[in-house]
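Q: please work out how this folds:
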Amino acid sequence: MDLEDIIRYEGESTSVDFKATAYKPATNPEFIKDVMAMANAPYDGDRYLIVGVKHYVDNTREILGLEPEDQLDDASYHKAILDNIEPEIPFEY
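A: All right, here's what the predicted structure looks like:
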């Protein structure tokens, strides 16, 4: 399943979590907590924290997108994970 299908059809679960807004700054405690929760979830396979999408209880969603100023570079998120979580968690932004 590709990312577009996940956004359109998947609900929140141990492998998918939607966030309406980006994590700013990358050292945001919510970001660290969410990455750790996903890493520790009992699920074999890829996990996704998808920002810019508001997910509702009835499984509908609103695609909000992100403003350019809301997007941090990949290195900021990697550094936050490396500085705050052990063992290292593979992460792709």
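Q: how about the strands in the protein?
A: For the chain, the strands identified by DSSP state E occupy 16-19, 48-51, 53-55, 61-63, in order along the chain.
Q: I'd like to know how far the residue of the chain most remote from its centre sits from E12.
A: Each residue of the chain has a distance to the centre, and by C-alpha atoms, centre = their mean the biggest one is for D58: 20.3 Å. For D58, the distance to E12 equals 12 Å [C-beta to C-beta, to the nearest Å]. For the C-beta atoms, the positions are set from N, CA and C on the backbone; glycine is no exception.
Q: tell me how many other residues crowd R47.
A: As a burial measure, the neighbour count of R47 was computed by other C-beta atoms under 10 Å and equals 16.
Q: residue contacts, it?
A: With contact taken as C-beta atoms under 8 Å, 6 or more residues apart in numbering, R47 is in contact with T14, S15, V16, M38, A39, A41.
Q: mind redoing it with 10 Å?
A: With contacts defined as C-beta atoms under 10 Å, 6 or more residues apart in numbering, R47 is in contact with S13, T14, S15, V16, D17, V35, A37, M38, A39, A41, I89.
Q: now swap in L82 and tell me
A: Residues E88, I89, F91 are the ones in contact with L82 under the rule C-beta under 10 Å, 6+ apart.
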